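# model the following, please.
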Amino acid sequence: MMARLLDLRAGLERQGVSEEGMLEFFGKMAGKCIKIEACSCKTHELGEVPLPKGKMCSIRFNERLDDVVKKMELVRGRVERCEAYIAQVQLEEEGIGFLEGSQDSVRALKKRRLESEHFLSHEKGLYLKLAGERLELLVKWEPLDVREYSQSVSSSIIEISTILHQLKAPDVAQPGPVPAL
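Residues are numbered from 1 along each chain as shown. Okay, here's the model as predicted:
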């Protein structure tokens, strides 16, 4: 039994669950009473599965990544349209520049081009910011199947509890089967 305990604890450590994390695991998932009436819980909210540092629910990870990529594509399209517009304005500037008495038109086109270049810089900056968010998400977080993780950790902790119960208090009855978590 002692060897099995060591195996279970080592398995939990590999999954990022320390002894302290093991002791807090069920308490964090238990959640809290939201609405209490006459000393009775009327609305209860379960807690979330405590994940190891640097891990994120794979569903949430994929949603966030997809959101950032869609925003990047939207901004990329605006950058391309803006670049095409600037190129068109430059051609108009060059064409009008050869005409006599068209300085007002040239100035107006230069003003439009400069405004467009500022907008283009802003959009490129926004794209770079989004690229940084994407990189940070990919570098700092590791997606994790929370359901599988929760089942694995829960079953290991329950088995540890059962073994410790048998070792420390063999005459005290064990609890019944665990409900699905």
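# can you map out the helices along the chain?
Applying DSSP state H to the chain gives helices spanning 2-14, 19-30, 58-97, 103-140, 146-168.
# what's the average pLDDT for the fourth one?
Yep, that's helix 103-140 we're talking about. Averaging pLDDT along helix 103-140 yields 92.
# ok and that helix relative to helix 58-97, angle-wise?
Relative orientation of helix 103-140 versus helix 58-97 (axes from the mean of the first three to the mean of the last three CA atoms, to 10 degrees): 160 degrees.
# including mean neighbour count and distance to E48, could the helices of the chain go into a markdown table?
(C-beta placed from N, C-alpha, C; glycine too.) Listed next are the helices of the chain as a markdown table, based on neighbours: other CB atoms under 10 Å; distance: least, CB to CB, whole Å:
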| stretch | mean neighbour count | distance to E48 |
| --- | --- | --- |
| helix 2-14 | 12 | 18 |
| helix 19-30 | 14 | 7 |
| helix 58-97 | 14 | 10 |
| helix 103-140 | 14 | 19 |
| helix 146-168 | 15 | 8 |
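# so which of those comes closest to P50?
helix 19-30 (4.5 Å; CB to CB).
# walk me through the domains of this structure.
Under automatic domain parsing, the residue ranges defining each domain of the chain are 2-52+146-168, 55-140.
# dump the helices of the chain to CSV, plus distance to V49.
Shown next, in CSV, are the helices of the chain (distance: least, CB to CB, whole Å):
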stretch, distance to V49
helix 2-14, 14
helix 19-30, 6
helix 58-97, 12
helix 103-140, 19
helix 146-168, 4
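# out of these, which comes closest to G47?
Of all these, helix 19-30 comes closest under CB to CB, at 5.0 Å.
# tell me the helices and strands packed up against the closest one.
Here helix 19-30 touches helix 2-14, helix 146-168, going by 3 or more CB pairs under 8 Å, 6 or more residues apart in numbering; DSSP states H and E.
# quick check: mean pLDDT of it?
Across helix 19-30, the per-residue pLDDT values average to 94.
# from the chain's centroid, how far away is it?
In terms of CA atoms, centre = their mean, to the nearest Å, the centre of helix 19-30 is found 22 Å from the chain centre.
# check stretch 143-151 too.
The answer for stretch 143-151 is 15 Å, by CA atoms, centre = their mean.
# just the CA coordinates for it, please, in PDB.
Taking C-alpha atoms only, stretch 143-151 is exported to PDB below (Å, rounded to 0.1, in the frame of the first residue of the first chain):
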ATOM      1  CA  PRO A 143      -4.100  24.000 -23.100                       C
ATOM      2  CA  LEU A 144      -5.400  21.200 -20.900                       C
ATOM      3  CA  ASP A 145      -8.500  18.900 -21.200                       C
ATOM      4  CA  VAL A 146     -10.000  19.900 -17.900                       C
ATOM      5  CA  ARG A 147     -12.500  17.000 -17.700                       C
ATOM      6  CA  GLU A 148      -9.800  14.400 -18.200                       C
ATOM      7  CA  TYR A 149      -7.500  16.200 -15.800                       C
ATOM      8  CA  SER A 150     -10.200  16.500 -13.100                       C
ATOM      9  CA  GLN A 151     -11.100  12.900 -13.400                       C
END
